[in-house]
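> everything below, folded, please.
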Amino acid sequence: MPSPLPALRTIRLAPAAERHLPEMVAIFNDIVAHTDAVYTETPDTAERRALWCAQRHAQGYPVLVALGPGGAVLGFASFGDFRAAWPGFRHSVEHSVHLRADARGQGLGGALLAALEEEARALGKHAMLASIDAANHRSIRMHERLGFARVALMPQVACKAGRWLDLVMMQKLLGEGPPPP
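Here you go, the predicted model:
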């Protein structure tokens, strides 16, 4: 059972800054090593995470961190273009939320995702997508509570640690968005 976090009201969401990178990398690498939430076996580096943040910012997209007492990074979240090579998808974004192991299951992921939704709406995005490992029931339940619907199950589309993994796609329509040209 994770140790309880301070009440959500004491946790601050803020734009990620360079000083947050080491903790973001540590969170991501723990997820890579101990879960199937991300489909890679390659640990992240501060340089790659800085480039990822810079690319998101260059697109006008948020990278948010959840800060606990003393400014400790408890999690981070962002979104990026869905199928960026195809202009027809320009109104859709795919998000990711990554939490420190002791911060899971306490409402923090939902708070980060709700903040991302506000950002996506402000940018005129129409659809928000999530790609979730089918065995990540906690994430699937969180998305369902926030109004996401399962739109696809893709069996055995990924392999990690010599095992086939199934992917659940979830979607939430954010509103009318801009009309097509």
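
> just the helices in this structure please.
With DSSP state H, the ranges of helices along the chain come out as 21-34, 46-58, 108-122, 137-145.

> tell me the buried residues in the first one?
It refers to helix 21-34. Leu21, Glu23, Met24, Val25, Ile27, Phe28, Ile31, Val32 (16 or more other CB atoms under 10 Å). The C-beta positions use only the backbone N, C-alpha and C, and glycine is treated the same way.

> measure Arg100 to Ala72 for me?
8 Å (CB to CB, to the nearest Å).

> and what of Gln55?
25 Å.

> how about Leu116?
21 Å.

> these two: who's more crowded?
Leu116 (24 against 14; other CB atoms under 10 Å).

> quick one: residues contacting that one.
Pro62, Leu64, Ala77, Ser78, Phe79, His95, Val97, Met128 (CB atoms under 8 Å, 6 or more residues apart in numbering).

> what do you get for Leu129?
Leu129 touches Phe82, Ser92, Val93, Glu94, His95, Met169, Met170, Gln171, counting by CB under 8 Å, 6+ apart.

> what's stretch 41-54 in contact with?
16, 18, 21-22, 24-25, 28-29, 32-33, 63, 78, 160-161.

> try 10 Å
15-18, 20-22, 24-33, 38, 61, 63, 76, 78, 80, 159-161 (CB atoms under 10 Å, 6 or more residues apart in numbering).

> how about it: buried residues?
Buried-residue list, stretch 41-54, by 16+ other CB under 10 Å: Asp44, Arg49, Trp52, Cys53.

> okay, those in a markdown table with distance to Gly175 and pLDDT next?
A markdown table is the format used below for the buried residues of stretch 41-54 (distance: CB to CB, whole Å; pLDDT from 0 to 100):
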| residue | distance to Gly175 | pLDDT |
| --- | --- | --- |
| Asp44 | 33 | 97 |
| Arg49 | 31 | 97 |
| Trp52 | 27 | 97 |
| Cys53 | 27 | 97 |
